[in-house]
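J.: one predicted model, sequence on top.
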2 protein chains.
Amino acid sequence: MAPKMSDHYKQKRRKDILEAAEKIFIEKGYEHTTIKDIYEEVGLSRGGVYQYFSNKRDLFESLIGDKLEDIYQLTADALEDGEDPWTLLKKRMFGEEQHPSEYNDSLAPVVLEFFVSGRTDESLSVYARDRYHLGVSMYENIIQQGESQGIFTPRFSPGTIARAIISFSDGIAVDSALAGEEVQSKEQSELLFDMIQYMLGIR
Amino acid sequence: MAPKMSDHYKQKRRKDILEAAEKIFIEKGYEHTTIKDIYEEVGLSRGGVYQYFSNKRDLFESLIGDKLEDIYQLTADALEDGEDPWTLLKKRMFGEEQHPSEYNDSLAPVVLEFFVSGRTDESLSVYARDRYHLGVSMYENIIQQGESQGIFTPRFSPGTIARAIISFSDGIAVDSALAGEEVQSKEQSELLFDMIQYMLGIR
């Protein structure tokens, strides 16, 4: 019988596995990563990983799902606590400094590879749509809150502006993955920043 | 000895192969399409296709390369002929009707699959960057022309605005490929249209 592990310990081990997996996925891409790469990186047995995740896809979905759910929850809590919607929106779009900096999400090309190569798999399509929905809701909630407080006077519906933030950001990510520095992601983010102020009527 | 074919006939046959290939690529995606699918669709022998293209990748690059080069050349000619830059820009972004309509580029997800799955192949990265460059140049030339004629007063450099058009459009394409109608591509294109007028200072 395996020794009993505390919930705290289990949570920590799960997190260790996800951190190791993230490192490997960034290095090798989704397709070329194996469960073996991951359990060797984290220093566990094969069974040690399968205790937490049923396969590579489950592991990858947990990795990117945890991140999105965390940020969604943080956003809902911040709105609840009365954080200024414009500050919150800038944090979500550009990070804690609230302003465009060099684009640097190394996992983004892997997420893209995961969804694009699996786009004809119906169960993955459903997952992709759910994920898209959650992202739209997060931005939509911030914009609606700002609108109701009279801080934003949006030129389009909050849902349309939320989708535009996501599509423009996804476009910068995909072009950066494919064309590298030529994309001038910092300049693109600055233009996105300017566009959002215009779209929300904050001048 | 094979019978001699006129240049005209050769051009036509090459075009027939590319048209058949486009249909198959849209149906099956890049990875799952074979040269056999293509020569059966067009009604030629295997050799009949290999006479024009050395492999699947060459065929696909010819397909998307021809399209981009045609549109680049048409644009250069139109600028030369003195076409109004704003009309021309709207045509390039939204087609002949010059206004956003339902998003409908069936080949876009396949192009995306081709580049994303091959992103670690160095020769493909070079090709991707060249292609990106050509697209940026096309939009940049239109914007520069409009600026020099005093029609546009751009808020960012023509190159940055050109890149933004491409990234935003690519983002709408990738999100549409993954999340389908949820993306509300028509509304996104309308927002893009509004954004471009703002960025170019045409009110």
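T.: That came through, no problem.
J.: any idea which residue sits dead centre in chain A?
T.: A:Leu68 (4.9 Å; Cα atoms, centre = their mean).
J.: measure it to chain B for me?
T.: For A:Leu68, the distance to chain B (Cβ to the nearest Cβ, to the nearest Å) stands at 14 Å. Quick note: C-beta positions are derived from backbone N, CA and C, even for glycine.
J.: any idea which helix or strand comes after the helix or strand that contains that residue?
T.: Assigned by DSSP states H and E, A:Leu68 falls within helix A:56-80. The C-terminal neighbour of helix A:56-80 among helices and strands, as given by DSSP H and E, is helix A:85-94.
J.: is chain B contacted by that following helix?
T.: No. Helix A:85-94 lies out of reach of chain B by Cβ under 8 Å from any Cβ of the partner chain, never closer than 13.8 Å.
J.: what angle do the very next helix or strand once past that helix and helix A:56-80 make?
T.: Downstream of helix A:85-94, the next assigned helix or strand under DSSP H and E is helix A:108-117. Here helix A:108-117 runs at an angle of 120 degrees relative to helix A:56-80 (axes from the mean of the first three to the mean of the last three Cα atoms, to 10 degrees).
J.: okay, helix A:108-117 in CSV with CA atoms only?
T.: The C-alpha coordinates for helix A:108-117 follow below in CSV (Å, rounded to 0.1, in the frame of the first residue of the first chain):
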residue,chain,number,x,y,z
ALA,A,108,1.7,30.7,-26.3
PRO,A,109,3.2,29.0,-29.4
VAL,A,110,2.7,25.6,-27.7
VAL,A,111,-0.9,26.4,-26.8
LEU,A,112,-1.4,27.4,-30.4
GLU,A,113,0.1,24.2,-31.7
PHE,A,114,-2.1,22.1,-29.3
PHE,A,115,-5.3,23.7,-30.6
VAL,A,116,-4.4,24.1,-34.3
SER,A,117,-3.2,20.6,-34.8
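J.: burial measure for A:Ser123, as a count.
T.: Other residues within reach of A:Ser123, judged by other Cβ atoms under 10 Å in any protein chain shown, total 9.
J.: any chance of the backbone angles for it?
T.: Main-chain dihedrals, A:Ser123, degrees, to the nearest 10: phi -70, psi -30.
J.: can you give me every residue that contacts it?
T.: By Cβ atoms under 8 Å, 6 or more residues apart in numbering or on different chains, the contact set of A:Ser123 is empty.
J.: if we can go back for a sec, what's the helix holding A:Leu68 packed up against?
T.: helix A:7-28, helix A:35-42, helix A:85-94, helix A:108-117, helix A:122-148 (3 or more Cβ pairs under 8 Å, 6 or more residues apart in numbering or on different chains; DSSP states H and E).
J.: ok, now with 7 Å
T.: Judged by 3 or more Cβ pairs under 7 Å, 6 or more residues apart in numbering or on different chains; DSSP states H and E, the packing partners of helix A:56-80 are helix A:7-28, helix A:85-94, helix A:122-148.
J.: adding mean pLDDT and distance to A:Ala179, write those helices out as JSON lines.
T.: Converted to JSON lines, those look like this (pLDDT from 0 to 100; distance: least, Cβ to Cβ, whole Å):
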{"stretch": "helix A:7-28", "mean pLDDT": "94", "distance to A:Ala179": "19"}
{"stretch": "helix A:85-94", "mean pLDDT": "96", "distance to A:Ala179": "21"}
{"stretch": "helix A:122-148", "mean pLDDT": "95", "distance to A:Ala179": "23"}
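J.: residue in chain A nearest to chain B?
T.: Nearest residue of chain A to chain B (Cβ to the nearest Cβ) works out as A:Gly171 at 2.8 Å.
J.: quick one: which helix or strand includes that residue?
T.: helix A:158-179.
J.: could I get the average pLDDT for that helix?
T.: For helix A:158-179, mean pLDDT is 94.
J.: return the residues in contact with the residue of chain A closest to chain B.
T.: Residues near A:Gly171 by Cβ atoms under 7 Å, 6 or more residues apart in numbering or on different chains: B:167-171, B:174.
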